[in-house]
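Peer 1: the following block contains a protein sequence and its predicted model.
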Amino acid sequence: MKNIRSKNTTPELLVRMFLHNNGYRYRLHDKKLPGKPDLVLKKYNTVIFVNGCFWHGHINCKEAKKPKSNSEFWENKIKRNQQRDKKNTNSLIQLGWNVLTIWECQLNKDKIESTLSDIVNKLVE
Ligand SMILES: [Zn+2]
């Protein structure tokens with residue numbers, strides 16, 4: 001499968017570049033935290049996940065459409081991903097982190113600006 005989520009997906013890079021250019025500093029894929037968040041902004045007590053709509057099962061998203069063949073397989077797989085995401089988010093919240101989830105489709109041309117400024121609004125020291 002070509003679209004397997006790698007460590008440096010383009011949507012994630014967009015978020016990283018934006019934050020970096022605006023002076024935010026972060027760690028990447030911190031293995032010590034549940035779910036290895038894509039970005040960890042310790043100063044702001046915030047972790048950010050940049051999720052692919054398909055793999056993470058973005059609800060009511062047209063980019064998360066399941067393939068027609070093997071649909072049961074995909075459905076189960078994506079359901080497991082959703083459950084894992086939820087569990088990780090809950091654990092992080094319990095550890096005192098603010099958890100931001102950015103979906104791939106929120107980084108489309110027409111939405112990216114508001115999505116990125118939204119992140120900045122949520123980063124409060
Ligand atoms: Zn989506």
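Peer 2: Nice, I can see it.
Peer 1: got the residue ranges for the helices in this protein?
Peer 2: Assigned by DSSP state H, the chain shows helices spanning 10-21, 71-94, 112-122.
Peer 1: what about the last one and the ion, any contact?
Peer 2: Spelled out, that is helix 112-122. No: judged by Cβ under 5 Å from the ion, helix 112-122 stays clear of the ion, getting no closer than 11.2 Å. Where C-beta positions appear, they are placed from N, C-alpha and C, glycine not excepted.
Peer 1: what parts of this structure come near the ion?
Peer 2: Residues of the chain lying near the ion (Cβ under 5 Å from the ion): 53, 58, 61, 63, 103, 105.
Peer 1: what's the closest non-adjacent residue to the second one?
Peer 2: Nearest non-adjacent residue to His58, counting by Cβ to Cβ, 6 or more residues apart in numbering: Ala64, 4.3 Å away.
Peer 1: in this structure the one you found contacts Cys53, no?
Peer 2: Yes: Ala64 is in contact with Cys53 according to Cβ atoms under 8 Å; the separation is 4.2 Å.
Peer 1: in TSV: the residues of the chain next to the ion, plus pLDDT and neighbour count.
Peer 2: Below are those laid out as TSV (pLDDT from 0 to 100; neighbours: other Cβ atoms under 10 Å):
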residue	pLDDT	neighbour count
Cys53	95	18
His58	96	20
Cys61	93	15
Glu63	84	12
Trp103	97	21
Cys105	95	17
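Peer 1: now for those residues, which pair is the farthest apart?
Peer 2: Pairwise distances across those (Cβ to Cβ) peak at 8.4 Å, for the pair Glu63 and Trp103.
Peer 1: mind listing the shared neighbours of these two?
Peer 2: Cys53 (Cβ atoms under 8 Å, 6 or more residues apart in numbering).
Peer 1: related to what we said a few turns ago, in CSV: the helices of the chain, plus mean neighbour count, mean pLDDT and distance to Arg27.
Peer 2: Below are the helices of the chain laid out as CSV (neighbours: other Cβ atoms under 10 Å; pLDDT from 0 to 100; distance: least, Cβ to Cβ, whole Å):
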stretch, mean neighbour count, mean pLDDT, distance to Arg27
helix 10-21, 16, 94, 11
helix 71-94, 13, 96, 14
helix 112-122, 13, 96, 16
